[in-house]
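> Build me a structure from this.
(2 chains)
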Amino acid sequence: MSNEELVTEILSAHADTLEHQWGNALESPKGGLDVYLFAFPKQRNELEPLLNMAVRLRNLFNPIRPEESFRSDLKAELLSVLKEAPMRANERQLIGVAVVGVGSVVSVAGLLALVILGHRRNQAA
Amino acid sequence: MSTINALIQQPLSNSGVIIDRDAIREEEALIQRIKEDPAAFGELYELYVDRIYNYCYQRTGNRADAEDLTARTFHRAIGHIQKFTPRGIPVAIWLYRIAHNLISNWHRDRHRWHLVSLDAFPFPNQHQSSASGELAEPGDLVEANEETRLLHHLVRDLPDERQTLLILKFSEDWSNAEIGELLGRSEGAIKSLYHRTLVSLREEMRKRGF
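Alright, predicted model coming up:
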């Protein structure tokens, strides 16, 4: 493993250990950066500023909750949309039945017309 | 557990998304229930609305746009839920993809205007001035706040992919594999991207005297 690959793995491993509670970012409970810096002394100079940056970033992204009014209003809106959706599906079904029905009538009418025309031709002949 | 963390016996944080097959199966059952009874969508909503909102907020920096994008995410999910087929990946990935695409369009349409409200600037814990956890002097707190503002600004200017990586990793506790699933990259590629992002941010801070 090259030095760069090792540093990549160490940074990734460190990020995995950063614990995060809602609204309050915490460092790893087992000594934070020092554990990694002690375990990898040759990479210390390269690692230390990057590990510090990772901790700063962890502290930067405090999770933000939506306001309760927005949360409940949106839920009501979505469920209302979903309630209308089955009604629209039923309407589509009715339209579909009507189209098939009309199509059937047209087909029967077409057949009758052919029969009548054929009969008239025979009579003319 | 990574080899490195196993070597130094460090605990891992919990993944922010699904971590086992049983949970994925439960979600697939929920999707099936929603297809049969749309009112069950409320359950999916309750599971993910806070996370989707947080993701939208972290990407936009203000509540108004976060609310708008959250609403659009769930409306779009409703529109596609009948056609959605779970394929052994968390439903969260599907929802976050919808949000991610909407946010990308939002950034493109607004030419990366940043409306940042005051509550987008988190102040560091007043008892800590550094990762070592030492008590802070008042002057340290002012500098720490300037540093935080600058870092916040630099993160906002990151390309979408890097910004998404940091937000999902540090605000949502996603694993590299999960982030890779969302961004269409391998786990190794995500680790490398994370490394390069830290280096680049560190360099930008250093140039500005921090």
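
> Neighbours of A:Lys83, how many?
A:Lys83: 11 surrounding residues under other C-beta atoms under 10 Å in any protein chain shown. Quick note: C-beta positions are derived from backbone N, CA and C, even for glycine.

> I'd say it and B:Asp37 touch.
No - look at A:Lys83 against B:Asp37 with C-beta atoms under 8 Å: they stay out of range, at 11.2 Å.

> B:Leu151 contacts A:Leu57, correct?
Yes - counting by C-beta under 8 Å, B:Leu151 touches A:Leu57, with 7.3 Å between them.

> Can you list the residue ranges for helices in chain B?
Ranges of helices in chain B, per DSSP state H, are B:3-8, B:21-36, B:41-60, B:63-80, B:91-109, B:138-156, B:160-170, B:176-183, B:187-207.

> Which of these sits closest to A:Ile10?
Of all those, helix B:3-8 sits nearest to A:Ile10, with 5.7 Å by C-beta to C-beta.

> Report the rounded mean pLDDT for the closest one.
Helix B:3-8 carries an average pLDDT of 63.

> Over to stretch B:44-55?
Stretch B:44-55 comes out at a mean pLDDT of 95.

> Name the spans of chain B whose pLDDT lies under the cut-off.
Low-confidence segments of chain B (pLDDT under 70): B:1-20, B:111-144.

> okay, and the helix or strand of chain A with the least pLDDT?
When each helix and strand of chain A is scored by mean pLDDT, DSSP states H and E, strand A:24-25 comes last, with a mean of 38.

> After that one, heading C-terminal, what element do we hit next?
Downstream of strand A:24-25, the first helix or strand assigned by DSSP states H and E is helix A:33-39.

> so after that next one, what's the next helix or strand?
Past helix A:33-39, the next helix or strand by DSSP H and E is helix A:44-60.

> How many residues are close by A:Phe38?
For A:Phe38, using other C-beta under 10 Å, the count is 11.

> Quick check: the gap between it and B:Thr148.
Using C-beta to C-beta, to the nearest Å, A:Phe38 is found at 28 Å from B:Thr148.

> Likewise for A:Leu47?
Distance from A:Leu47 to B:Thr148, by C-beta to C-beta: 22 Å.

> Quick check, central residue of chain B?
B:Leu168 (2.6 Å; C-alpha atoms, centre = their mean).

> How about that one, nearest residue that isn't a chain neighbour?
Leaving out its chain neighbours, the residue that sits closest to B:Leu168 by C-beta to C-beta, 6 or more residues apart in numbering or on different chains is B:Trp174, at 4.1 Å.

> which of A:Leu47 and B:Thr148 has more neighbours?
A count of neighbours by other C-beta under 10 Å puts A:Leu47 above the other of A:Leu47 and B:Thr148, at 21 against 18.

> was I right about the more buried one contacting A:Phe38?
No - look at A:Leu47 against A:Phe38 with C-beta under 8 Å: they stay out of range, at 10.8 Å.

> mind checking how far B:Arg59 is from chain A?
11 Å (C-beta to the nearest C-beta, to the nearest Å).

> In contact with that residue, which residues are there?
B:103, B:107, B:163-164, B:167 (C-beta atoms under 8 Å, 6 or more residues apart in numbering or on different chains).

> Return the member of these nearest to chain A.
B:Ile167 (6.1 Å; C-beta to the nearest C-beta).

> neighbours of that closest one, just the number please.
23.

> Excluding chain neighbours, what is closest to it?
Closest to B:Ile167 by C-beta to C-beta, 6+ apart is B:Gln58, at 4.4 Å.

> Contacts only, for that neighbour.
Applying C-beta under 8 Å, 6+ apart, the residues contacting B:Gln58 are A:61, A:64, B:167, B:171.

> okay, those residues in TSV with distance to A:Val7 next?
Output for the contacts of B:Gln58, formatted as TSV (distance: C-beta to C-beta, whole Å):
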residue	distance to A:Val7
A:Phe61	23
A:Ile64	32
B:Ile167	23
B:Ser171	24
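
> wait, B:Thr60 sits on B:Asn54?
No - B:Thr60 lies out of contact with B:Asn54 (C-beta under 8 Å); the separation is 11.1 Å.

> Just to check, the residue nearest to the centre of chain B is in contact with B:Ala177?
No - with contact defined as C-beta under 8 Å, B:Leu168 does not count as touching B:Ala177 (11.5 Å).

> Quick one: mean pLDDT over stretch A:116-125.
pLDDT averaged over stretch A:116-125 gives 71.

> got the buried residues for that stretch?
By 16 or more other C-beta atoms under 10 Å in any protein chain shown, stretch A:116-125 has no buried positions at all.
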